[in-house]
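>>> Okay, here's the prediction I keep looking at, along with the sequence it came from:
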Amino acid sequence: MTAGSGPGMDDALDYDSIASEVFAPLYPVVAEAILKRTGILSGRMLDIGCGGGHLGYAVMEKAEFEGWLLDISPDAVALCRRRSLELGLEDRSRCLVGDVHALPFGDAFFDLVVSRGSLGFWRDYPLAFREIRRVLKPGGKAYVGGGLGNRETFERIRGPGCGSSIRTGPPVSGKNSATPPPRSSATS
């Protein structure tokens, strides 16, 4: 997805509805995994492709982060702002429109960068990961992916009667499937 071609309000509402109704069980599980695996429990956190802010706010509810929640869609960002008020996190969060390919932050600004479910919208993986590395502080960590938490959460989301419509396994290869080069302990 290129800057300016983000989904409209109907799309943002549809994504948010799915995130709120279908995927709600996974956000606390993924947030807990992020905190456990990275060991980072405070500082500045960036949620890229935040949509309505579900993952970023789940992380912020479990640890003392200042959160920047970024999405290419102005409508998604409006939903994110509304959710910050509902959760009482408006004093610790900033919701803004932006593109992973040109993050509007200085170098070495964040302790933790998270993203879940937005990779499919990125047009240039190497550029996006370079930007993530650029904004991470030395020793900072990134947790980027699209998983469903754990087996129990997967089963809750899939629910009875879903059959095998939701699959797990390795990511599909494509023209944008390049992985970034390792950088000491900056990404995991």
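In hand now; what should we look at?

>>> Going by C-alpha atoms from here, please, whenever you check contacts or count neighbours.
Noted.

>>> Can you give me the pLDDT of residue 29?
pLDDT recorded at residue 29 is 88.

>>> I'd like the distance between it and residue 56.
In this view, residue 29 and residue 56 are 12 Å apart by CA to CA, to the nearest Å.

>>> So which of those two has more stuff around it?
Using other CA atoms under 10 Å as the criterion, residue 29 and residue 56 rank with residue 56 on top: 31 against 18.

>>> Might one say that residue 73 is in contact with residue 97?
Yes - under the criterion of CA atoms under 8 Å, residue 73 makes contact with residue 97 at 6.4 Å.

>>> Helices of the chain, start to end?
9-21, 26-38, 54-62, 74-87, 125-135, 151-158 (DSSP state H).

>>> And the longest one, what does it pack against?
In this case it means helix 74-87. helix 9-21, strand 64-71, strand 93-97 (3 or more CA pairs under 8 Å, 6 or more residues apart in numbering; DSSP states H and E).

>>> need the contact list for the nearest residue to residue 92 once chain neighbours are set aside.
Closest residue in space to residue 92, ignoring its immediate chain neighbours: residue 66 at 4.8 Å, by CA to CA, 6 or more residues apart in numbering. Going by CA atoms under 8 Å, 6 or more residues apart in numbering, residue 66 touches 42, 43, 44, 45, 60, 92, 93.

>>> Also residue 12?
Residue 12 neighbours (CA under 8 Å, 6+ apart): 51, 73, 75, 76.

>>> Also residue 97?
Neighbouring residues of residue 97 by CA under 8 Å, 6+ apart: 70, 71, 72, 73, 74, 77.

>>> Look at the residue nearest to residue 101 when sequence neighbours are not counted and report its pLDDT.
Leaving aside its chain neighbours, residue 101 sits nearest to residue 128 (4.8 Å; criterion: CA to CA, 6+ apart). pLDDT recorded at residue 128 is 95.

>>> Count residues in the vicinity of residue 128, would you?
By the criterion of other CA under 10 Å, residue 128 has 19 neighbours.

>>> need the longest strand for the protein.
strand 136-145 (DSSP state E).

>>> Would you confirm that residue 71 contacts residue 56?
No - the pair residue 71 / residue 56 is not scored as a contact, 11.7 Å apart, by CA under 8 Å.

>>> Look up which residues are beta-bridged to the nearest residue to residue 60 once chain neighbours are set aside.
In this structure, residue 60 finds its nearest non-sequential neighbour in residue 67, 7.1 Å apart by CA to CA, 6+ apart. Beta-bridge pairing for residue 67 (DSSP bridges): residue 45, residue 93.
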